[in-house]
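Asker: need a 3D model of the following:
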Amino acid sequence: MQPRPILIGGRPLAGGRLPAVCAPLVAPTGEALAAEAAAVAALQPDLLEWRVDFFAAIADTGAVLAAARALRAAAGGIPILFTRRAQWEGGQPIALAEPQVLALYEAIAASGTVDAMDFEMGNDAADVARVRALTRAHGLTLVLSFHDFQSTPDDAALDARFDQAQRLEADVAKVAVMPQTLADVHRLLGATLRASERLAIPVISMSMGGRGAVTRIAGGVFGSALTFAVGSQASAPGQIPIADVRAATGVLQRAAGG
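Answerer: Here you go, the predicted structure:
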């Protein structure tokens, strides 16, 4: 099976090129977020990820919605991925309990300001199902994700995480792990290749930190549909500037005749 591109609004992201490039937005205020989005959009990533757990007023739904509208205007047509990264998977501490997070997801989904949502597959099963239902209702792409900032699970566990996302009816499966050795990086790439050949949905993967930086450039060769690159500020260790990622992946694509 050929690796699958991510679909946003029914269309392949980046015209189907693998990997597409996503830049995170981590500004703490609405004004700063709009400015960050405009500056990063000028670098022409394929996707913008709003990490709302960095947003200082996350507990004020009205403020989040106003920021989302300003972000949409500043993005210049680049699609937006909305993410509250849970603290237990590397996100920022926030002043919201999980029921409030779900209510925020519902408000944002209904606002028409974003194109995709990320939610951890390890959340309560009922919560995952609720987010799955609301993304379907509003025509949004759902990324179900898993992050391990301490280690790289064994091969069986990596395979199981990719499979879990498909079983939970994700549109995209994402697995991000921290390597302790180069062998861990190699295993993550192998798991990515297996998942991209086995699953009926696109996959995203990365090995984090400096040791895993090669996966942010070469991951597409192994079937990862998206890589995260720095536009303004990094949201995870090992992210590389957009221009460098574009240059490096371009070399690989030309060498492969793609």
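Asker: spell out the residue ranges of the strands in the stretch 101-250 of the chain.
Answerer: Applying DSSP state E, counting those that start in this stretch to the stretch 101-250 of the chain gives strands spanning 116-120, 141-148, 172-177, 203-207, 226-230, 240-241.
Asker: so which residues of the stretch 101-250 of the chain form helices?
Answerer: Here the stretch 101-250 of the chain has its helices, by DSSP state H, counting those that start in this stretch, at 125-137, 155-167, 182-198, 213-218, 242-255.
Asker: turn those helices into TSV, columns for mean neighbour count.
Answerer: The way it works is simple: take the backbone N, C-alpha and C, and place the C-beta from them, glycine included. Below are these laid out as TSV (neighbours: other CB atoms under 10 Å):
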stretch	mean neighbour count
helix 125-137	16
helix 155-167	17
helix 182-198	19
helix 213-218	21
helix 242-255	15
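Asker: related to what we said a few turns ago, dump the strands of the stretch 101-250 of the chain into TSV; add distance to Leu81 and mean neighbour count as well.
Answerer: Putting the strands of the stretch 101-250 of the chain into TSV (distance: least, CB to CB, whole Å; neighbours: other CB atoms under 10 Å) gives the following:
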stretch	distance to Leu81	mean neighbour count
strand 116-120	4	24
strand 141-148	7	23
strand 172-177	10	26
strand 203-207	11	28
strand 226-230	9	26
strand 240-241	18	16
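Asker: is it possible to get a markdown table of these that adds mean pLDDT?
Answerer: Listed next are those as a markdown table, based on pLDDT from 0 to 100:
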| stretch | mean pLDDT |
| --- | --- |
| strand 116-120 | 98 |
| strand 141-148 | 98 |
| strand 172-177 | 98 |
| strand 203-207 | 98 |
| strand 226-230 | 93 |
| strand 240-241 | 85 |
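Asker: could I get those strands as JSON lines with distance to Asp154?
Answerer: Below are the strands of the stretch 101-250 of the chain laid out as JSON lines (distance: least, CB to CB, whole Å):
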{"stretch": "strand 116-120", "distance to Asp154": "20"}
{"stretch": "strand 141-148", "distance to Asp154": "11"}
{"stretch": "strand 172-177", "distance to Asp154": "11"}
{"stretch": "strand 203-207", "distance to Asp154": "14"}
{"stretch": "strand 226-230", "distance to Asp154": "24"}
{"stretch": "strand 240-241", "distance to Asp154": "27"}
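Asker: which one, of these, ends up nearest to Pro45?
Answerer: Counting by CB to CB, Pro45 lies closest to strand 226-230 out of those; the figure is 6.8 Å.
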